[in-house]
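In: generate a structure from the sequence data that follows.
(2 chains)
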Amino acid sequence: MTNSIAELEDAACIFIIGSNTTEAHPLVANRILRAKQKGAKLIVADPRKIHIAEFADIHLSHRLGSDVALINGIMHVILAEGWEAKDYIASRTEGFEALERVVRGYTPEKVSGITGVPAEQIRAVAEAYARSASSSIVYAMGITQHTTGVDNVKSLANLAMLCGRIGVECGGVNPLRGQNNVQGACDMGALPNVLPGYQKVTDEAARKKFEQAWGVALPSEVGLTVMKMMNGLHAGSVRALYVMGENPAMSDPNSHHVREALSRAELLVVQDITLTETTEYAHAVLPGVSFAEKDGTFTNTERRVQRVRKGIEPVGDSREDGWILCELSRRLGHAMELEPASELMDEIAGLTPSYGGMRYDRLEAFGLQWPCPDAEHPGTKYLHKDKFARGRGLFHAIEYQPPAEACDDEYPMQLTTGRSFVHFHTGTMTRRSPSLDEEQKDPFVQMHPEDAEAHGISPPGQVKVITRRGSISLEAKLSARIPKGMLFIPFHFAEAAANLLTIDALDPIAGIPEYKVCAARVERE
Amino acid sequence: MRELLKTRVAEMLREGRVDGVVGLIESHGEPLPYLFTADDTAALERISTGELQGRLAELIPGVVRYPLGKILTAVARKHPDKRFGVMCRACDERVVFGLFQNLQLDPDKVEILGLPCKEELARACSCPAPAPRSAIVDQPSREAWDRADLERIDAMALDERFAFWVEELGRCIKCYGCRNACPVCFCDVCTLQDDGLVKKGEIPAELPAFQLTRAWHMVGRCVDCGLCQEACPMDIPIRTIYRKVRSIVGELFDYFPGERDGGKSPLEQLGDGSFPIQ
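Out: Predicted coordinates:
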């Protein structure tokens, strides 16, 4: 998040897009609903009338994957009305003219045709977002999990800069991270192209610094994204895979292909706290530990680094992840000592400028938000104040592109996937919780009652959902919250795994798969 | 107060009056529930009354509370032959008395260490009966029960009241936090998870089935400690519902759970109350 969770409470306007906030990020949702109670305008853009949409002043039910067109349409109105932040654009940004040229083509009427959203609603959103005293954008995977994921994020940045909403209190572009420490994992360089603190592996000076600190030679080439690893395994160019705390057999798109790839690995090692669908393909399973069994830090969605403390000793034969890595390294011929977590943090601070001032004694109570470059720095509530990381904020002129897979006669409906409030991700933890399991035991597909009627489905009816990748059988839940022609399946359930159906078409820049839209059909069982 | 509490707990354990004391221990500046025992003298140095220290105290007003009565019930079930002490603010003490009344704890096996709350804290909590009866120090009498929240809602027209509750309860994300924090929710099987009564797998929790089911189960039980509302991540004023229930039961049956010794919940009486309850 460019801004902080608590700031949402004081925003005058909040624009949620592609985030099922109450179900997936309830504590953030609480801040948003508090803002609403204080009189904030709430806009929710989601094809489904999700729970938080009930509280919205405006709910936009735009078509799956039409986000760029929708945002361009909003910007078109803002420019046509002269509501843009002219001084901010002049003093803090560049590339505005190119944006203006592209956006000029996206009249509300044209955008209405692409998105299915009435032109009047687009105008109302433009006014609320541009003219409120402060406006925050909140998004999640509904924005990123598309072949146009990067375009979608850039479009939101365009909108925010157009109205001078970045680098200010209660503003910003705020992605809600889907895991408690995914921000921390990225910060620490668990990405194919960067070292800790987003220092590029291709930057020789950065690489040298780490080589010196670690006493080893580091690769100078960008590594593989997850999907490239899977395709590599499938094709034979990747021979071994070490998976830590992930369940790609369930969580990656087009699971048939993924499972084939996993079964072709010459060596598959999986480190996790439970057996999963992925460990079924593993040659070795290394038992790691849960949050309660280790010391360290988690970095949350607002860049806040917080302590996690060992409450109990590792259960059974499990070992701390750091211990496993050190032991593996030692046996492979490079001795590494597992240092106490506080010393690791000192090392991180020494090598990662944005974590430079983070020491354990400063993390007590509330933690610190990066960037926190030195021992006196109080941490950073919101980013890009006065200046962007690159200097001026760059507008990107972006044209709308439809999703990778269009509907046709054979697959006339659109399928989207996501989470339910009951379970987390592939259910490896939550489906083992008796009370959560009790709340939602079985997989389901949400569909509109009229679609169900057209297919002769009446609840509780089992249906088959079919795409070009596969088919699954599950219960139909009828709801008018979902538009006609659309299906929603949560991806928590191995026995009817949504990702057997999803498409592995990728965003060309980030490599993120298009989990959020593909063509499908439904049949009565 | 902390020093006195420490002395009293040490005394109880040393003299063997109890086998353990359920209270709070300070860990990294934050109070956590803990079972103090005689052989664990180091822990006693970190005993806490729930007040926060340092920077946390500046940012979080009041004291940190846990359902200590609920924790005591779990510990006592596990060790039915042992005697336990329990640190109680007035709210916790009502809980423990309520649990005596509902036969979940044995009064002969529990010793209460009552901590009076400061006036501003009692007021901030709208505490209905702020003075614990088994206090370890003398305490000034305190004013009881601010009814402003009930009066505000009672004053609303029916339509308005209905709209108010639909809006408030519509935020419920069905985390069950109210039930889980509730120290007098002790049933092994929970009606809130009964398929036939409350629909599963959807938010908000089925309206009004979920909340009314819970409210009805608070009859003769709720001691108005307010932990449910503290636990609610969506700021729903659920305590007000149970206060209403409590006030109705009080008016009709002159029964205030946890406030007096003995007595039976109206739900456990048949006719004139002479029918024996097993």
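In: report how many residues lie close to the residue in the stretch 101-250 of chain B positioned nearest to chain A.
Out: Nearest to chain A in the stretch 101-250 of chain B, going by CB to the nearest CB, is B:Gly201, at a distance of 4.3 Å. C-beta coordinates here come from the backbone N, C-alpha and C atoms, glycine included. Number of residues near B:Gly201 (other CB atoms under 10 Å in any protein chain shown) recorded here: 16.
In: residues touching it, list them.
Out: A:420, A:422, A:439-440, A:444 (CB atoms under 8 Å, 6 or more residues apart in numbering or on different chains).
In: out of the residues you listed, grab the one that's most surrounded.
Out: Neighbour counts for the contacts of B:Gly201 peak at A:Val422, which has 24 neighbours (criterion: other CB under 10 Å).
In: need the three-state assignment for it.
Out: coil (DSSP: H, G, I helix; E, B strand; the rest coil).
In: hmm, A:Leu436 and it touching each other?
Out: Yes. With contact defined as CB atoms under 8 Å, A:Val422 counts as touching A:Leu436 (5.5 Å).
In: between these two, which contacts overlap?
Out: By CB under 8 Å, 6+ apart, the residues touching both A:Val422 and A:Leu436 are A:Thr430.
In: domain ranges for chain A?
Out: A:5-176, A:182-369, A:413-524 (automatic domain parsing).
In: how about the longest helix seen in chain B: buried residues?
Out: Ranked by residue count, the top helix of chain B under DSSP state H comes out as helix B:238-253. Applying a neighbour-count criterion of 16 or more other CB atoms under 10 Å in any protein chain shown, one finds B:238-247, B:249, B:253 buried in helix B:238-253.
In: stretch A:358-369 too?
Out: A:358-360, A:362-363, A:365, A:367-369.
In: how about stretch A:36-52?
Out: Applying 16+ other CB under 10 Å to stretch A:36-52 flags A:36, A:40-52 as buried.
In: so which two of the residues you listed are the farthest from each other?
Out: A:Ala40 and A:Pro47 (23.2 Å; CB to CB).
In: can I assume A:Arg101 is in contact with A:Ala397?
Out: Yes. Here A:Arg101 reaches A:Ala397: they are 6.5 Å apart, a contact under CB under 8 Å.
In: which one's more surrounded, those two?
Out: The residue with more neighbours, out of A:Arg101 and A:Ala397, is A:Ala397; 16 against 10, by other CB under 10 Å.
In: what about the helices in the stretch 101-250 of chain B?
Out: B:119-124, B:148-154, B:158-169, B:177-181, B:209-217, B:227-231, B:238-253 (DSSP state H, counting those that start in this stretch).
In: using CSV, list the CA coordinates for the first one.
Out: Meaning helix B:119-124. What follows is helix B:119-124, C-alpha atoms only, in CSV (Å, rounded to 0.1, in the frame of the first residue of the first chain):
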residue,chain,number,x,y,z
GLU,B,119,-13.5,5.2,38.3
GLU,B,120,-12.6,6.4,34.8
LEU,B,121,-12.2,2.8,33.7
ALA,B,122,-15.5,1.7,35.2
ARG,B,123,-17.2,4.6,33.5
ALA,B,124,-15.5,3.9,30.1
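In: name the residues that touch the helix or strand of chain B with the lowest mean pLDDT?
Out: Every helix and strand of chain B was ranked by mean pLDDT, DSSP states H and E. The lowest is helix B:54-59, at a mean of 74. Residues outside helix B:54-59 that contact it (CB under 8 Å, 6+ apart) are A:364-366, B:29-30, B:51.
In: now the residues you listed in TSV, with secondary structure?
Out: As requested, the contacts of helix B:54-59 are exported to TSV (three-state DSSP):
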residue	secondary structure
A:Glu364	coil
A:Ala365	coil
A:Phe366	coil
B:Gly29	coil
B:Glu30	strand
B:Glu51	strand
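In: counting neighbours, what do you get for residue 220?
Out: Picked chain A for this. With other CB under 10 Å as criterion, A:Ser220 counts 11.
In: should've been chain B
Out: 23.
In: got the contact list for the closest residue to it other than its chain neighbours?
Out: Excluding its sequence neighbours, the residue lying closest to B:Gly220 (CB to CB, 6 or more residues apart in numbering or on different chains) is B:Ser265, at 2.9 Å. Applying CB under 8 Å, 6+ apart to B:Ser265 gives the contacts B:101-102, B:219-221, B:255, B:257.
In: which two of the buried residues of helix B:238-253 have the greatest separation?
Out: B:Ile238 and B:Phe253, at 22.5 Å, using CB to CB across the buried residues of helix B:238-253.
In: tell me the pLDDT at residue 84?
Out: No chain in the question, so chain A it is. Per-residue confidence (pLDDT) for A:Glu84: 98.
In: wrong one, chain B
Out: 98.
In: thinking it is in contact with B:Gly20, fair?
Out: Yes. In this structure, B:Phe84 is within contact of B:Gly20 by CB under 8 Å, at 5.4 Å.
In: okay, the two: which has more neighbours?
Out: Set side by side, B:Phe84 and B:Gly20 show more neighbours around B:Gly20, with 23 against 20, by other CB under 10 Å.
In: going by residue numbers, what spans are helices in the stretch 101-250 of chain A?
Out: Taking DSSP H, counting those that start in this stretch, the helices of the stretch 101-250 of chain A run over residues A:108-115, A:119-131, A:141-144, A:149-162, A:182-187, A:204-214, A:226-235, A:248-251.
In: reformat the ones you listed as a markdown table; add mean neighbour count and distance to chain B.
Out: Formatted as a markdown table, these follow (neighbours: other CB atoms under 10 Å in any protein chain shown; distance: least, CB to the nearest CB, whole Å):
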| stretch | mean neighbour count | distance to chain B |
| --- | --- | --- |
| helix A:108-115 | 19 | 27 |
| helix A:119-131 | 20 | 21 |
| helix A:141-144 | 23 | 18 |
| helix A:149-162 | 24 | 26 |
| helix A:182-187 | 18 | 20 |
| helix A:204-214 | 13 | 30 |
| helix A:226-235 | 18 | 30 |
| helix A:248-251 | 24 | 20 |
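In: tell me which of these sits nearest to A:Thr276.
Out: Per CB to CB, nearest to A:Thr276 of the helices of the stretch 101-250 of chain A: helix A:248-251, 7.2 Å.
In: how close does B:Arg17 sit to chain A?
Out: According to CB to the nearest CB, to the nearest Å, B:Arg17 and chain A sit 30 Å apart.
In: what sits closest to that residue if chain neighbours are left out?
Out: B:Glu111 (6.5 Å).
In: what does the stretch 151-278 of chain B put close to chain A?
Out: Proximity of the stretch 151-278 of chain B to chain A (CB under 8 Å from any CB of the partner chain) is limited to residues B:170-171, B:173-176, B:193, B:200-201, B:203-204, B:233-235.
In: which of those residues are buried?
Out: B:170-171, B:173-176, B:201, B:203-204, B:234.
In: the longest helix of chain B packs against which elements?
Out: Contact partners of helix B:238-253 among helices and strands, from 3 or more CB pairs under 8 Å, 6 or more residues apart in numbering or on different chains; DSSP states H and E: helix B:148-154, helix B:209-217, helix B:227-231.
In: out of these, flag the one nearest A:Asp346.
Out: helix B:227-231 (37.0 Å).
In: what average pLDDT does the closest one get?
Out: Rounded mean pLDDT across helix B:227-231 is 94.
In: where does the stretch 101-250 of chain A get nearest to chain B, which residue?
Out: For the stretch 101-250 of chain A, CB to the nearest CB, closest residue to chain B: A:Leu176, 15.1 Å.
In: got the CA coordinates for stretch A:76-91 in PDB?
Out: Provided in PDB are the C-alpha atoms of stretch A:76-91 (Å, rounded to 0.1, in the frame of the first residue of the first chain):
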ATOM      1  CA  HIS A  76     -12.300  10.800 -19.600                       C
ATOM      2  CA  VAL A  77     -15.000  12.400 -17.500                       C
ATOM      3  CA  ILE A  78     -12.600  14.000 -15.100                       C
ATOM      4  CA  LEU A  79     -10.700  15.600 -18.000                       C
ATOM      5  CA  ALA A  80     -13.800  16.700 -19.800                       C
ATOM      6  CA  GLU A  81     -15.100  18.400 -16.700                       C
ATOM      7  CA  GLY A  82     -11.700  19.900 -15.900                       C
ATOM      8  CA  TRP A  83     -11.600  18.200 -12.500                       C
ATOM      9  CA  GLU A  84      -8.000  17.000 -12.900                       C
ATOM     10  CA  ALA A  85      -5.300  18.300 -10.400                       C
ATOM     11  CA  LYS A  86      -3.500  20.600 -12.900                       C
ATOM     12  CA  ASP A  87      -0.800  21.900 -10.600                       C
ATOM     13  CA  TYR A  88       0.000  18.400  -9.400                       C
ATOM     14  CA  ILE A  89       0.200  17.100 -13.000                       C
ATOM     15  CA  ALA A  90       2.500  20.000 -14.000                       C
ATOM     16  CA  SER A  91       4.800  19.800 -11.100                       C
END
